[in-house]
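J.: no sequence on hand, only this structure:
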Ligand SMILES: Cc1cc2nc3c(=O)[nH]c(=O)nc-3n(C[C@H](O)[C@H](O)[C@H](O)COP(=O)(O)O)c2cc1C
């Protein structure tokens, strides 16, 4: 039985995909501005053998028909929202085994400064950092940054150029062994081994040396979540871990197989990308009690807030569509993952489902043993590599999992029982795999290969 990777899906704001759940009596996300809230969470995740904390992020807020509805502020729909990256050094300081994935947008960040921030984090965490690469669909963000909106597929062209430049900076500027720190000889680095990079891409230009010296992983672990066809092709070329969205084992099994096939066609091998699915769990002393708890959580969702949240991600106003129309007629230049997800249903059913679940797909309910059995079954049926655990309330949903379900998963051989400090990439691909493998396109920007690229 293969061991699963377990991540925690988090965001630096009060609502995590279930808009309105912030007000639940057991919910502590209102403490998101306090460092000790996050430090306690990181310690809890490490205690529970979580492999990583995934920090989602986006700029902006909902706009419906040109206006931000009042419910946005009443229910805190994606606003207020703090920068998650700034939490990481503090969380790394209170953990040793937990990895961190943080989101940065290729549509709104600048490659050079972004690369330096990730290199810094890779140093400070000793190789425990991953970058969730997103293309940011929201037109509001373009307004906030004073830029015109980019069409969907062009965002991915820009993302590829962003990554190509990032790879050059991470991999191509400082050779292995270039940093000497030789006090006796008074030489910090060997000038002959540090090289200016040259990038004249369709979107970005950069000439010169990378500011940061090589970090444990050099390129941070690359994660990706866009499931549109362009997003999937981008992932096949670049990603090392991908978040899939499927509502049942059959759908997830198809997606896992497609992903492995795409990675193989891209010359990287079927096992080059770890496939992860979202997962929510509600336990109880009986299945019926767990189901009651789930319904109680969902009763806190505010339907108008959920519609505003949907519009923010996709640009689609669910209330403005004919409820009887097929969702397959809906098109968008916004994010497509949450639109494609409903192409086989009517607008009415899609709206009802999204209001209920937000981005959640797999929601497992039952006794801890029943849930662990279900997880084992899903892994077997789908070949998934792991899950991004999406809580309802924090920290309660985590303590339920850590204290009740994780021990069952460990007994079943589905989760590791030992700790080992390693880099994020090694956690996925094994000891000695801290750097991008030679099949990954980023590796062709290493100094030895660079002369061919530039020449
Ligand atoms: C698990 C998961 C996490 C995501 N996290 C973020 C995020 O933090 N920020 C963001 O802008 N988009 C996030 N997304 C959205 C996608 O990364 C992607 O940018 C979006 O769906 C648009 O791409 P698409 O048109 O290919 O779907 C997430 C999606 C999933 C499934």
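T.: Arrived safely, thanks for sending. Here the structure is a predicted model, which means the values were calculated and not measured.

J.: tell me the SS of residue 104?
T.: strand (DSSP: H, G, I helix; E, B strand; the rest coil).

J.: any idea what it is bridged to?
T.: On the basis of DSSP bridges, residue 104 is bridged to residue 133.

J.: mind listing what it touches?
T.: With contacts defined as CB atoms under 8 Å, 6 or more residues apart in numbering, residue 104 is in contact with 57, 85, 114, 117-118, 131-134. Backbone N, C-alpha and C define where each C-beta goes, glycine included.

J.: most widely separated two among the residues you listed?
T.: Within the contacts of residue 104, 117 and 134 form the most distant pair, 15.3 Å apart (CB to CB).

J.: so those two - more neighbours on which side?
T.: residue 134 (23 against 20; other CB atoms under 10 Å).

J.: pretty sure the more buried one is touching residue 103, no?
T.: Yes. Between residue 134 and residue 103 a contact is recorded at 5.5 Å, counting by CB atoms under 8 Å.

J.: touching both of these two, which residues are there?
T.: residue 58.

J.: circling back: reformat the contacts of residue 104 as TSV; add distance to the ligand and pLDDT.
T.: Below are the contacts of residue 104 laid out as TSV (distance: CB to the nearest ligand atom, whole Å; pLDDT from 0 to 100):
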residue	distance to the ligand	pLDDT
57	5	96
85	12	98
114	14	98
117	16	98
118	15	99
131	11	98
132	6	98
133	8	98
134	4	96
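
J.: filter those to the buried ones?
T.: Among the contacts of residue 104, those classed as buried by 16 or more other CB atoms under 10 Å are 57, 85, 114, 117-118, 131-134.

J.: of all the residues you listed, which comes closest to residue 306?
T.: If you rank the buried ones among the contacts of residue 104 by distance to residue 306 using CB to CB, residue 57 comes first, at 19.8 Å.

J.: contacts only, for the closest one.
T.: 11-12, 81, 83-85, 102-104.

J.: ChimeraX command to pick out the buried ones of those residues?
T.: Per 16+ other CB under 10 Å, the buried members of the contacts of residue 57 correspond to this ChimeraX selection:
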select :11,12,81,84,85,102,103,104
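
J.: any idea how many residues pack against residue 270?
T.: For residue 270, the count of nearby residues is 15 (other CB under 10 Å).

J.: next one: the one 10 residues further on
T.: The burial metric for residue 280, expressed as a neighbour count using other CB under 10 Å, is 25.

J.: ok, now residue 447?
T.: That count, for residue 447 with other CB under 10 Å as the rule, works out to 17.

J.: gap between it and residue 210?
T.: 12 Å (CB to CB, to the nearest Å).

J.: contact residues of the protein facing the ligand?
T.: Contact residues (CB under 6 Å from any ligand atom) of the chain with the ligand: 56-58, 103, 132, 134-137, 152, 225-228, 231, 243, 245, 278, 335-337, 388.

J.: would you mind measuring from residue 255 to residue 407?
T.: Taking CB to CB as the measure, residue 255 falls 29 Å from residue 407.

J.: in the stretch 151-300 of the chain, mark out all the helices, start to finish.
T.: Ranges of helices in the stretch 151-300 of the chain, per DSSP state H, counting those that start in this stretch, are 152-167, 229-238, 249-265, 287-298.

J.: and those helices as a markdown table, adding mean neighbour count and mean pLDDT?
T.: Output for those, formatted as a markdown table (neighbours: other CB atoms under 10 Å; pLDDT from 0 to 100):
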| stretch | mean neighbour count | mean pLDDT |
| --- | --- | --- |
| helix 152-167 | 21 | 96 |
| helix 229-238 | 21 | 93 |
| helix 249-265 | 17 | 96 |
| helix 287-298 | 16 | 98 |
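
J.: state the distance spanning the first to the last residue of stretch 186-194.
T.: 17 Å (CA to CA, to the nearest Å).

J.: now the stretch 1-150 of the chain against the ligand: closest residue?
T.: Here the residue of the stretch 1-150 of the chain nearest the ligand is residue 56; by CB to the nearest ligand atom that distance is 3.0 Å.
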